[in-house]
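*Asks:* Could you work out the structure for the sequence below:
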Amino acid sequence: MTRQYDGMMSLSAASNNVMDMVLRGGVADLRPMPRVLIDKGPNRSVYRFVANDRQLAGEPVLLVPPLAVPAFCFDLRRGCSLAEHLVEQGRRPYLVDYGTVRFSDRGLGLEHWIDEVLPRTIRAVSKDAGGAPVHVVAWCLGGILSLLTHADQADLPIASIATIAAPIDMTAIPLVAPIKPLVDVTNGWILTPVYRALGGAPRALVKRVFQLSAMDKVVTKPYAILSHLDDRDFLAQIEAVDRFTDNMIAYPGRTFGQMYHRFFRSNDLSNGEVDFGGRRISLHEVKAPVLVVAGEGDSIAPERAVRRLVDVLDNAAEVRFETAPGGHLGVLAGRRARSTTWAYLDDFLG
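*Replies:* Purely as a prediction, here's the structure:
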């Protein structure tokens, strides 16, 4: 009798979910967390998240996305939103949004984010929080840029840096390793003319690469949906991830070129240093405490590519390394991130 009742409940849940997906636009709660704009400039809009029912007074936590992805990666959906979690913890979260990258931005290099965008953002957040030092929580390239910014400008009011899925050893990335010998033999000419002609990496290409990193999930997605029609949370996550993937952003041409030649071809970051036209920035100069989190199923930033950070951050006040289940996005905003990555962050920030 219990089994029959469970079956009826499952069928009822599946029917309701299908109705919502077909007639009401979906099952995910995609409402953004309330926020206010506190600072704005070229390639940066800085927001403070707010709680409508209480005053947030915790230490400021700045969420730093990578380039080429929507900033709502930190606010994916209600229930899988790191911003929402931080608000519920009573902290004061902030977010920097780089906006849309246009063809006119093709001359912007990584120095623009290291010299201008992130330093101005960090100072704006600290000022808004009454001069308090800022805890930086960054995903993927956002983590690398945050570390390089701190290494280059030690006077910035940074209390700590947490990086999630930030790879620095490119030889450990499965998507890169098979084609690197060909790139080395051709001295990089395979991609160079393409990104120069296009002014960067277009958003459609960024989207395809992200999908390629989880091709097994793309292929099995129809079956997964059909077999989980009664699981509203599962369906909501797929819906939210689809929206995220559909909103990818282009890379500026010069930035993409630097990443291609300095990070991908030369693998400079693996040794903790990178050269920007004779200007060297070394991760060995990082002094703040650092949390490094790697995704156990991440093919874009596998554990070995991320763990290398522990070796080069040899002068940091503290370095913690953790792994968490999930792919590249899942380790940040997956359903299991609530009890793994976010728990690591809570402990580290505490």
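*Asks:* what residue lies at the spatial centre of this protein?
*Replies:* Centroid-nearest residue in the chain, with CA atoms, centre = their mean: residue 139, separated by 3.1 Å.
*Asks:* That one against residue 167, yeah?
*Replies:* No: at 11.5 Å, residue 139 does not count as touching residue 167 under the criterion of CB atoms under 8 Å. From N, CA and C alone the C-beta is placed, and that goes for glycine too.
*Asks:* re earlier: give me the beta-bridge partners of the residue nearest to the centre of the chain?
*Replies:* residue 164 (DSSP bridges).
*Asks:* so what's it up against?
*Replies:* 64, 65, 66, 73, 74, 163, 164, 165, 166, 332 (CB atoms under 8 Å, 6 or more residues apart in numbering).
*Asks:* so where do the helices sit in the stretch 251-350 of the chain?
*Replies:* 253-258, 303-312, 330-333, 341-349 (DSSP state H, counting those that start in this stretch).
*Asks:* other SSEs contacting the first one?
*Replies:* When you say that, I think you mean helix 253-258. Counting by 3 or more CB pairs under 8 Å, 6 or more residues apart in numbering; DSSP states H and E, the packing neighbours recorded for helix 253-258 are helix 110-112, helix 192-198, strand 200-201.
*Asks:* which ones are touching residue 259?
*Replies:* The neighbourhood of residue 259, defined by CB under 8 Å, 6+ apart, consists of 110, 141, 251.
*Asks:* on that earlier part again, could you dump the helices of the stretch 251-350 of the chain into a markdown table with distance to residue 322 and mean pLDDT added?
*Replies:* Below are the helices of the stretch 251-350 of the chain laid out as a markdown table (distance: least, CB to CB, whole Å; pLDDT from 0 to 100):
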| stretch | distance to residue 322 | mean pLDDT |
| --- | --- | --- |
| helix 253-258 | 29 | 80 |
| helix 303-312 | 10 | 96 |
| helix 330-333 | 10 | 96 |
| helix 341-349 | 5 | 97 |
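*Asks:* and the ones you listed, which is most packed in?
*Replies:* Of all those, helix 330-333 carries the top mean neighbour count, a mean of 26, counting by mean count of other CB atoms under 10 Å.
*Asks:* Quick one: residues in contact with that helix.
*Replies:* With CB under 8 Å, 6+ apart, helix 330-333 has contacts from 73-74, 76, 80-82, 139, 164-165, 293-298, 324-326, 336-337, 340-341.
*Asks:* Buried ones from the contacts of residue 139, can you make that a ChimeraX selection?
*Replies:* With 16 or more other CB atoms under 10 Å as the burial test, the buried ones among the contacts of residue 139 are selected in ChimeraX as follows:
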select :64,65,66,73,74,163,164,165,166,332
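*Asks:* Residue 117: which of the contacts of residue 139 is nearest?
*Replies:* residue 64 (9.5 Å; CB to CB).
*Asks:* So that closest one is in contact with residue 145, correct?
*Replies:* Yes: under the criterion of CB under 8 Å, residue 64 makes contact with residue 145 at 7.2 Å.
*Asks:* Now for those two: what residues contact both?
*Replies:* 118, 138.
*Asks:* which SS state does residue 25 fall under?
*Replies:* Using DSSP: H, G, I helix; E, B strand; the rest coil, the secondary structure recorded for residue 25 is coil.
*Asks:* returning to that earlier point: and the helices and strands packed on helix 253-258, which one averages the lowest pLDDT?
*Replies:* Ranked by mean pLDDT, the helices and strands packed on helix 253-258 bottom out at helix 192-198, which scores a mean of 47.
*Asks:* can you pull the contacts of residue 314?
*Replies:* Applying CB under 8 Å, 6+ apart, the residues near residue 314 are residue 284.
*Asks:* related to what we said a few turns ago, between the helices of the stretch 251-350 of the chain, which one is nearest to residue 128?
*Replies:* Here helix 341-349 is closest among these (CB to CB), at 18.0 Å.
*Asks:* Tell me the helices and strands packed up against that closest one.
*Replies:* helix 82-88, strand 158-164, strand 290-295, strand 319-324.
*Asks:* Would you mind getting the angle between that helix and strand 319-324?
*Replies:* 160 degrees (axes from the mean of the first three to the mean of the last three CA atoms, to 10 degrees).
*Asks:* With just CA atoms, put helix 341-349 into CSV.
*Replies:* Output of helix 341-349 as CSV, limited to C-alpha atoms (Å, rounded to 0.1, in the frame of the first residue of the first chain):
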residue,chain,number,x,y,z
THR,A,341,32.1,24.2,-0.8
TRP,A,342,29.9,26.6,1.1
ALA,A,343,30.7,24.8,4.4
TYR,A,344,34.4,25.2,3.7
LEU,A,345,33.8,28.9,3.0
ASP,A,346,31.9,29.3,6.2
ASP,A,347,34.7,27.8,8.2
PHE,A,348,37.4,29.7,6.4
LEU,A,349,35.6,33.1,6.7
